[in-house]
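Trainee: I would like the atomic coordinates for the input below:
(2 chains)
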Amino acid sequence: MGRRTLVAWKKVCNREFVAKVIFIVSASAAVLAVGLICVFLLVQGLPAMWDIGIVSFLTGTDWRPTWTPPLFGILPMILGSLYVTVGAVFFGVPVGIFAAVFMARFCPPYLYKVLKPAVNLLAGIPSVVYGYFGMVVLVPFVRGHIGGNGNSILTASILLGMMILPTIITISESAIRAVPEEIYEGAVALGASHERAVFFTVLPAAKSGVFAAVILGIGRAVGETMAVRMVAGNQAVLRMPHEILSGTRTLTANVVIELGYAADEHRQALIATGVVLFVFIMGINIAFSMLKKKDGL
Amino acid sequence: MKRRKPRDLVLFLLTWVCVGVTALVLLTVVGYILFNGVPYIRPSLFAWEYTAQNKSLMPALVGTLMIVGLALALAVPLGVFSAIYLVEYARRGSRFVKVVRLTTETLAGIPSIVYGLFGFIFFGVFLGWGLSLMSGSFTVSIMILPLIMRTTEESLKSVPDTYREGSFGLGAGRLRTVARIVLPAAIPGILAGIILATGRIVGETAAIIFTLGNVARMPNHLFDTGRTLSAHMYALANEGTHAGEAHATAAVLLLVVIILNAVSSKIARIIKAN
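Mentor: Take a look at the predicted model:
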């Protein structure tokens, strides 16, 4: 090998190496981002939680940041998030699962060509537009036809139910499509009708994928901020579940409403609220990825 | 139509009803916003200056374009490079790959308000960038990173291995193979992902108002505050005084998202056809 080729070879080798390093560093960016998010939320949030007292922070029923001494209890907000999420599941999950079954097993191809982009568009509509729709359409509707002043747990639940539909439909549909055709054919060969085969053999076989869809939908509902803040009334007062026509404040709404002007301890308490939210979401995500792995999606 | 047993008929009808409800939700939201908003889209809405009388959306539109441009400039190279590493370089099942996948999934699940909170603490306060284009674009670029990575990965994987083998066989190195053979073949898929990410940025509110801020003026430099269309929409909805402008802004925002969605799925369809 001549000297010239050796130099040229080294140059190529070098470029390969540099490129590989750049690619590895880029791939580490996501890891770095998650690390930074965890560290900065925890470093700012945990001391505040400690000062307030973890128990009185999580189970305190009064949120009075302007009092002296201030009270920081987020139980009303935890319950608020819980109520609107349960409501969203109530409105969104049955419709979503049936719609997914339709898309995967009943849908004529010409209709599918329209429905699939429609569901994608539903997922793409910004949450502030949903929120605005809720403000100008759902709130007056609930006020006029059901009761209360319209800004309520019920309104937020309906709106969130609409918003989680595309998540539920898309993931359930792919879970149903992933079920081996033999299961369906076996059922039909044994004399089951199309509906019976789909609902009593295919759907149970896609169970964990459908559960994963529901869990991801729950994650969306818990984390949704703008839309909920625009229709839920946002009172930071402890509410009991039977009052679905009264307002509530969620963890997310608490942060978005007060972070703009909060200072010192108040700001720290809001960051701690974010930490609680973050922990909830992490739990939901872990459950989701475990189910997803089980189903081999 | 063949005769069905009662239970089958009920199930059959339920699936139709539920799909009908889904379609109705979409039609109601889109129809209402467009029907009420489009008549209010007037030239004054696009006036260069925002005033108390004329709630022009122009500053917000310019702010949106700036945030989209900056965030894409940050996230696209990072996302594409990491996807290249994961698909073309890393050994299957290596520990590093597992960690990257786990963190990417984590990023994808974090709600936007938590991004807003983090961006506010880290970029705004810790790095001292305050409410600025820089804080805003860095924050949303982290947010769209998983989306870019996933779509790029998928389109890299869909490039047949024979392309790579052919390139290696002709004596090209790995970098040349990736840059000249694999990447060009994967461009449409990556583009579809970028457009989807653009839609996500345009629709983002909670992460924007605590990092970019929500001030109705054109940002003059990288560390200047401003607002995006969604933040503008949020502000108008809260003020509640300019219903016409709010309707029109919602319509503009929705139209932008619909167009981005249509372009993205069009590209996806072209890929599928090839």
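Trainee: if I look at the residue sitting nearest the centre point of chain A, how far off is residue B:103?
Mentor: Taking C-alpha atoms, centre = their mean, the centroid of chain A lies closest to residue A:220, which sits 1.4 Å from it. Counting by C-beta to C-beta, to the nearest Å, the separation of residue A:220 from residue B:103 is 20 Å. (Each C-beta comes from the backbone N, C-alpha and C, glycine too.)
Trainee: now do residue B:222
Mentor: 28 Å.
Trainee: the more surrounded of those two?
Mentor: residue B:103 (22 against 13; other C-beta atoms under 10 Å in any protein chain shown).
Trainee: give the contact list for the more buried one.
Mentor: Contacts for residue B:103 (C-beta atoms under 8 Å, 6 or more residues apart in numbering or on different chains) come out as A:30-31, A:33-34.
Trainee: quick check: closest non-adjacent residue to it.
Mentor: Distance criterion C-beta to C-beta, 6 or more residues apart in numbering or on different chains; nearest residue to residue B:103, sequence neighbours excluded, is residue A:34 at 4.2 Å.
Trainee: what helix or strand is the one you found located in?
Mentor: Element membership for residue A:34, per DSSP states H and E: helix A:3-52.
Trainee: can you list contacts of the following helix or strand past that helix?
Mentor: Heading C-terminal from helix A:3-52, the first helix or strand you meet, by DSSP H and E, is helix A:54-59. By C-beta under 8 Å, 6+ apart, the residues outside helix A:54-59 that reach it are A:49, A:72-75, A:78, A:269, A:272, A:276.
Trainee: how far away from the center of its chain is helix A:54-59?
Mentor: Offset of helix A:54-59 from its chain centre (C-alpha atoms, centre = their mean, to the nearest Å): 24 Å.
Trainee: just the buried residues of that helix, please?
Mentor: Neighbour-count burial for helix A:54-59, counted by 16 or more other C-beta atoms under 10 Å in any protein chain shown, picks out residue A:57.
Trainee: tell me the average confidence for it?
Mentor: Mean per-residue pLDDT for helix A:54-59: 89.
Trainee: send over it as PDB, restricted to the C-alpha atoms.
Mentor: Taking Å, rounded to 0.1, in the frame of the first residue of the first chain, the C-alpha atoms of helix A:54-59 are listed here in PDB:
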ATOM      1  CA  ILE A  54     -45.500  16.000  52.000                       C
ATOM      2  CA  VAL A  55     -48.700  14.700  53.800                       C
ATOM      3  CA  SER A  56     -50.200  18.200  54.300                       C
ATOM      4  CA  PHE A  57     -49.300  19.100  50.700                       C
ATOM      5  CA  LEU A  58     -50.900  16.000  49.200                       C
ATOM      6  CA  THR A  59     -53.900  15.800  51.600                       C
END
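Trainee: which SSE is immediately downstream of it?
Mentor: In N-to-C order, the element after helix A:54-59 by DSSP H and E is strand A:63-64.
Trainee: for whatever helix or strand comes next after that next one, the distance to its chain's centre please.
Mentor: Where DSSP H and E defines the elements, the next helix or strand beyond strand A:63-64 is strand A:71-72. Centroid displacement of strand A:71-72 relative to its chain, using C-alpha atoms, centre = their mean, is 27 Å.
Trainee: just list what the next helix or strand after strand A:71-72 packs against, helices and strands only.
Mentor: Scanning forward in sequence from strand A:71-72 by DSSP H and E, the next helix or strand is helix A:75-101. Contacts defined by 3 or more C-beta pairs under 8 Å, 6 or more residues apart in numbering or on different chains; DSSP states H and E place helix A:75-101 against helix A:54-59, helix A:153-177, helix A:207-223, helix A:251-258, helix A:264-295, helix B:6-37.
Trainee: circling back to that earlier point, the residue nearest to residue B:103: neighbour count?
Mentor: Residues near residue A:34, counting by other C-beta under 10 Å: 20.
Trainee: cool, residue A:262 as well?
Mentor: Residues near residue A:262, counting by other C-beta under 10 Å, number 16.
Trainee: give the contact list for the closest residue to it other than its chain neighbours.
Mentor: Nearest residue to residue A:262, sequence neighbours excluded (C-beta to C-beta, 6+ apart): residue A:270, at 5.5 Å. By C-beta under 8 Å, 6+ apart, residue A:270 lies in contact with A:254-255, A:258-259, A:262, B:117.
Trainee: is chain B contacted by stretch A:194-207?
Mentor: Yes. Using C-beta under 8 Å from any C-beta of the partner chain, stretch A:194-207 reaches chain B at A:194-196, A:199.
Trainee: filter these down to the ones in helices?
Mentor: Among these, the members found in helices (DSSP state H) are A:194-196.
Trainee: among the helices and strands packed on helix A:75-101, which is nearest residue A:107?
Mentor: Nearest to residue A:107 among the helices and strands packed on helix A:75-101 is helix B:6-37 (7.7 Å), distances taken as C-beta to C-beta.
Trainee: can you give me the pLDDT of residue B:166?
Mentor: Per-residue confidence at residue B:166 stands at 93 (pLDDT).
Trainee: no wait, residue A:265
Mentor: pLDDT for residue A:265: 87.
Trainee: that one and residue A:49 touch, don't they?
Mentor: No. Checked against C-beta atoms under 8 Å, the pair residue A:265 and residue A:49 is beyond contact range at 11.5 Å.
Trainee: higher neighbour count, these two?
Mentor: Neighbour totals were compared for residue A:265 and residue A:49, and residue A:49 leads with 22 against 15 (other C-beta under 10 Å).
Trainee: buried stuff in the helix or strand hosting residue B:145?
Mentor: Per DSSP H and E, residue B:145 falls inside helix B:133-157. Residues B:133-156 are the ones in helix B:133-157 that count as buried (16+ other C-beta under 10 Å).
Trainee: which stretch of helix or strand covers residue B:185?
Mentor: Assessed by DSSP H and E, residue B:185 sits inside helix B:183-203.
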